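Visitor: The following comprises the amino acid sequence and a computationally predicted model.
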Amino acid sequence: MRKRVGTAFVLIMSLILLAACASGKNNANSGGSVASSPATKTTESTDTPPAEGEFAFPLAEQANLNILAFKASASKIMDYNEYELFKRLEEETNVHINWTLVDESTKMEKLNLVFASGDYPDAVYGAMPSGIDLTNWANQGILLPLNDLIDQYAPNLKAIFEKHPEYKAAITHSDGKIYALPKVVDAPFYQAPDTMWINKKWLDAVDLPVPTTTDELYEALKAFKGKDLNGNGKQDEIPMSFMYNSNWIGGNALSGSFGIMDHEGNHSYILDGKLLYAPQQEGYKEYVQFMNKLYSEGLLDKELFTQTAQVYTSRMQNEVPVLGVVSYPINSYLTNGDEYVPLLGLKGPKGDYGWKRENPGIWGGAFLLTTANQNPEITMKWVDSHYDLEMSLEIQEGPVGIGLKKLDNGKYESVPPPEGMDNVAFRFSLAPGFNAPNIIPSENYSEGIFITPRETEELAAFELKEPLLRYGAINALLVYDAEDYEALEQFSDLNGWNGYVNTIFADFVINGLTDEKWEKHLSQLKRLNVDQFLEIHSKYQL
């Protein structure tokens, strides 16, 4: 089978809100065009890139680069040059960046407009576009291939690739070229981020043990219903809730109890060397019938298919606990979180159980160089600084001495936010955070170099789930041929947010599933070319 490895788009950071703002020495606002005059190096330029060692940082005379960057709205920063981190980097390199900051939520619209105009920035920072977009832009001659630049001007990144060839493989296209630099947070818990929790105090109140089967879960939820288990004198308890169609805070892992694994986005999984489509399997029928049983008896949140992330969050953090069973990576986020214990590996009616293994924390497209860039060697050497481990940590947490404390043993701790300041706001006041190129490798976690309190909890939860990881996800880090990307675009009617499968799942859960409806469902999947969908993915995934 042909394995083609490359960039991926993850979506994953849905909890970060965004706000548009812009700045930059020559860029008026985020709604305006991106300044794309070539990087200006005041030393004499040549048509041939200088050999390694011909220039060194800090440059004798200042260079200027125009970079389009995508920021989170939680960040109130108006110009990345306000960050002490980038002030220091400019002093160390004598490279000045003219930043254009744009709301991350509009990134594809912005990138398509900029690239269609032909008026390119020198580089794009923190975009993380999909593999198909990178392939298309490369084929259009918009992006520079980076292999030689990495070899000559990126010693930090090159050393990481030698130690972790899987990181390099993840951004290498089928033509052998690299068109974008990665962001990596190689934490084990990214492979199984979601955790189901059940309120042990409620279980004790109804004299039931922690469920180990779906039947026991059903009995526990029935016992929760209608009781004032939080003691506030209100009937506000919801036996079970989660965020529909989410891999991080959703309920898809319950499908493992029925011998399948549903997956937000593509509804596919790999088991025993086969790529399977969950909604085609007999276990899916049993899964949705179980969910309908919970829903019809008032044991599953009636707002499951309509609640927003804000509503779900408010329930998790209500003044008193209102959720009996809930999905979130860690329990400390929940009101009275110590009352909740993991609900994992439930055995279904046929003895099936398991959890899904997600893609690792590797994202492509964190930094792109365009063909408008007349100083790619300076740009590569500048961005390579991000791949020093200490700066990679600073990109996430803030500079050493402000956001990070370096210990005598070479390890790091977070500096807590000032009193009255939210931790997220504090971090974004110091550094770009997720929307930036950097690498925090696996050894950071195995050697305990820097692990936040939250990550410590996530690692502990992952260790409980790791033995259950028998269902594999489609590897989003594999880059397909352009014609196959084009063919896959037709399947939005099948797998899209408002596509057939999401719609019919809600119908099955709310209204039930008969044998006749099931047969019609299987026929509809055929009409929507599910076999072709599986055939295309199988060429690369198996």
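Guide: Cool, got the structure. Numbers count the residues shown, from 1 in each chain.
Visitor: where does the stretch 51-200 of the chain have low pLDDT?
Guide: Along the stretch 51-200 of the chain, segments meeting pLDDT under 70 span 51-53.
Visitor: let's go with 50 and repeat that
Guide: 52 (pLDDT under 50).
Visitor: One more: the chain?
Guide: Regions of the chain meeting the criterion pLDDT under 50 cover residues 1-47, 50, 52.
Visitor: ok, Ser446 - how many residues close by?
Guide: By other Cβ atoms under 10 Å, 10 other residues sit near Ser446. To be clear about C-beta, it is placed using only N, CA and C from the backbone, and glycine gets the same treatment.
Visitor: Roughly how far does it sit from Asp186?
Guide: For Ser446, the distance to Asp186 (Cβ to Cβ, to the nearest Å) stands at 10 Å.
Visitor: Excluding chain neighbours, what is closest to Ala482?
Guide: Nearest non-adjacent residue to Ala482, counting by Cβ to Cβ, 6 or more residues apart in numbering: Thr135, 5.6 Å away.
Visitor: For the one you found, the count of nearby residues, please.
Guide: By other Cβ under 10 Å, the residues close to Thr135 number 22.
Visitor: same check, this time on Ser314
Guide: Neighbour count for Ser314, taken as other Cβ under 10 Å: 12.
Visitor: Ok, Ala473 next?
Guide: Residues near Ala473, counting by other Cβ under 10 Å, number 20.
Visitor: Could you do Glu92 as well?
Guide: 12.
Visitor: before we move on, what about the one 3 residues further on?
Guide: Around Val95 sit 23 other residues, with neighbours defined as other Cβ under 10 Å.
Visitor: can you tell me which helix or strand the nearest residue to Lys107 once chain neighbours are set aside belongs to?
Guide: Distances taken as Cβ to Cβ, 6+ apart put Phe70 closest to Lys107, at 4.8 Å, once the chain neighbours are dropped. Assigned by DSSP states H and E, Phe70 belongs to strand 63-71.
Visitor: I'd like to know which elements that strand is packed against.
Guide: When contacts are defined as 3 or more Cβ pairs under 8 Å, 6 or more residues apart in numbering; DSSP states H and E, strand 63-71 sits against strand 40-41, strand 95-103, helix 107-117, strand 123-125, helix 376-384.
Visitor: who does the fourth one touch, helix- and strand-wise?
Guide: Identification of packing neighbours for strand 123-125 by 3+ Cβ pairs under 8 Å, 6+ apart yields strand 63-71, strand 362-369.
Visitor: For those strands, give me CSV that also has mean neighbour count and distance to Tyr80.
Guide: Conversion of those to CSV gives the following (neighbours: other Cβ atoms under 10 Å; distance: least, Cβ to Cβ, whole Å):
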stretch, mean neighbour count, distance to Tyr80
strand 63-71, 25, 6
strand 362-369, 28, 13
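Visitor: so which of these comes closest to Tyr179?
Guide: With Cβ to Cβ as the criterion, Tyr179 lies closest to strand 362-369 of the helices and strands packed on strand 123-125, at 7.1 Å.
Visitor: Give me the distance from the closest one to the chain's centre.
Guide: Centroid separation for strand 362-369 versus its chain: 13 Å, with Cα atoms, centre = their mean, to the nearest Å.
Visitor: Now do it and helix 376-384, the angle between them.
Guide: Angle of strand 362-369 versus helix 376-384, following axes from the mean of the first three to the mean of the last three Cα atoms, to 10 degrees, is 140 degrees.
Visitor: Send me strand 362-369 as CSV with only the CA atoms.
Guide: Output of strand 362-369 as CSV, limited to C-alpha atoms (Å, rounded to 0.1, in the frame of the first residue of the first chain):
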residue,chain,number,x,y,z
ILE,A,362,1.0,17.0,15.3
TRP,A,363,-0.3,19.8,13.1
GLY,A,364,1.0,20.9,9.7
GLY,A,365,0.9,24.3,8.3
ALA,A,366,2.1,26.2,11.3
PHE,A,367,4.5,28.3,9.2
LEU,A,368,4.5,28.8,5.4
LEU,A,369,6.9,30.7,3.2
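Visitor: List the strands paired with it, with their directions.
Guide: strand 123-125 (antiparallel), strand 181-185 (antiparallel) (DSSP bridges).
Visitor: picking up where we left off before, report the contact partners of the residue nearest to Ala482.
Guide: With contact set as Cβ atoms under 8 Å, 6 or more residues apart in numbering, Thr135 has these partners: Gly6, His173, Val479, Ala482, Tyr485.
Visitor: so it, which of the three states?
Guide: Classification of Thr135 using DSSP: H, G, I helix; E, B strand; the rest coil returns helix.
Visitor: how much space between the spatially closest residue to Ile330 that is not a sequence neighbour and Tyr340?
Guide: Nearest residue to Ile330 in three dimensions, chain neighbours excluded: Glu457, at 4.2 Å (Cβ to Cβ, 6+ apart). To Tyr340, Glu457 is 12 Å away according to Cβ to Cβ.
Visitor: Give the intersection of the neighbour lists for those two.
Guide: With Cβ under 8 Å, 6+ apart as the test, Glu457 and Tyr340 both reach Asn331.
Visitor: Looking at those two, which one has more neighbours?
Guide: Tyr340 (27 against 18).
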